[in-house]
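**Student:** Take a look and give me a structure for this.
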Amino acid sequence: MTVEVLSTLNHVTKCKLEKLEGQRGSFEQRKASILEEVAEEPNLEKKVRILVSKLEELAKQGSQPLSVRTLLPNIERFLDQSRHDPSVSSSLLKDWQADLEHELDIRSNKYEYASLFGRLVTEWIKHNSKAGAKAGAHSDAASEAASNADASFEEIGRSAMHVQRQEWEVSAAFHCFCMRRMALTIAVSRVTLSRD
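**Tutor:** Below you'll find the predicted structure:
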């Protein structure tokens, strides 16, 4: 790649990483406050309600997977039902709490993976720009070495094999195979008549 392209890519990547780091910091602060609020709440049902409402708020700010978008309204319905129906057990509420906290962890991991990818791109850009500078300095020596290598190339192997390959390339591989139109029509009609 050219130096200009690498420079542009480096600039864009740095800008995106700065923006991503700001979003990540904001999310991590919100996540910490959500988990703190959940930890302070003694009622298990209210803990799940807090998580559902906070995840819905986060969903309004960004994209959220389909599984979570369908899960949250269903959990809300079960929580409403649990006020009148004792069949919603505390173990089910604990499972929902764990699932919703896991969703927060997944979002944290997504930010971490995006940051890792950005750092890898930056490292790749630095490596390529260093390699490009070295390549520019050594390009004359490399072209001279390549021309010397072409001159000293020696075919090794059976000569009959090389002759057969050359004949195959000339006769079949790289040339259009001409066929008579009448012979082709007869062959196609035989095939289609034999199927009927």
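**Student:** Show me how far whichever strand or helix holds E45 is from its chain's centre.
**Tutor:** Remark: E45 resides in helix 44-61, with elements defined by DSSP states H and E. Centroid displacement of helix 44-61 relative to its chain, using C-alpha atoms, centre = their mean, to the nearest Å, is 29 Å.
**Student:** Give me the contact list for the following helix or strand past that helix.
**Tutor:** Next along the chain after helix 44-61, taking DSSP H and E as the criterion, comes helix 66-82. Contact with helix 66-82 is made by 45, 48-49, 52, 55-56, 59, 88, 92-93, 96, 99-100, 103, as judged by C-beta atoms under 8 Å, 6 or more residues apart in numbering. The way it works is simple: take the backbone N, C-alpha and C, and place the C-beta from them, glycine included.
**Student:** tell me the angle helix 66-82 makes with helix 44-61.
**Tutor:** Per axes from the mean of the first three to the mean of the last three C-alpha atoms, to 10 degrees, the angle that helix 66-82 makes with helix 44-61 is 150 degrees.
**Student:** Check which residues of helix 66-82 are buried.
**Tutor:** Neighbour-count burial for helix 66-82 flags 68, 71-72, 75, 78-79, 82 (criterion: 16 or more other C-beta atoms under 10 Å).
**Student:** That one: how far from the chain's middle?
**Tutor:** Centroid displacement of helix 66-82 relative to its chain, using C-alpha atoms, centre = their mean, is 30 Å.
**Student:** what's the helix or strand that that helix is followed by packed up against?
**Tutor:** Downstream of helix 66-82, the next assigned helix or strand under DSSP H and E is helix 90-137. Counting contacts by 3 or more C-beta pairs under 8 Å, 6 or more residues apart in numbering; DSSP states H and E, helix 90-137 packs against helix 3-40, helix 44-61, helix 66-82.
**Student:** Where does pLDDT dip in the chain?
**Tutor:** 1, 62-67, 129-157, 171-180, 194-196 (pLDDT under 70).
**Student:** could you measure the residue of it most remote from its centre against L193, distance?
**Tutor:** Centroid-distance maximum for the chain: M182 at 52.8 Å, with C-alpha atoms, centre = their mean. Per C-beta to C-beta, to the nearest Å, M182 is found 16 Å from L193.
**Student:** Now V88: phi and psi?
**Tutor:** phi -80, psi 100 (degrees, to the nearest 10).
**Student:** Could you pull out the buried residues of stretch 110-118?
**Tutor:** 111, 114, 118.
**Student:** Quick check, the first one in contact with R24.
**Tutor:** Yes: look at Y111 against R24 with C-beta atoms under 8 Å: they come within range, at 4.1 Å.
**Student:** coming back round to it: secondary structure element holding the residue farthest from the centre of the chain?
**Tutor:** Assessed by DSSP H and E, M182 sits inside helix 181-195.
**Student:** Convert that helix to CSV, retaining C-alpha atoms only.
**Tutor:** Output in CSV follows, covering the C-alpha atoms of helix 181-195 (Å, rounded to 0.1, in the frame of the first residue of the first chain):
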residue,chain,number,x,y,z
ARG,A,181,-22.5,-27.5,-35.2
MET,A,182,-24.2,-30.5,-36.7
ALA,A,183,-22.4,-33.0,-34.5
LEU,A,184,-23.3,-31.0,-31.4
THR,A,185,-27.0,-30.8,-32.5
ILE,A,186,-27.2,-34.6,-33.0
ALA,A,187,-25.5,-35.3,-29.6
VAL,A,188,-27.9,-33.0,-27.8
SER,A,189,-31.0,-34.5,-29.5
ARG,A,190,-29.9,-38.0,-28.6
VAL,A,191,-29.5,-37.1,-25.0
THR,A,192,-32.9,-35.3,-24.8
LEU,A,193,-34.7,-38.1,-26.8
SER,A,194,-33.3,-40.8,-24.6
ARG,A,195,-34.8,-39.1,-21.5
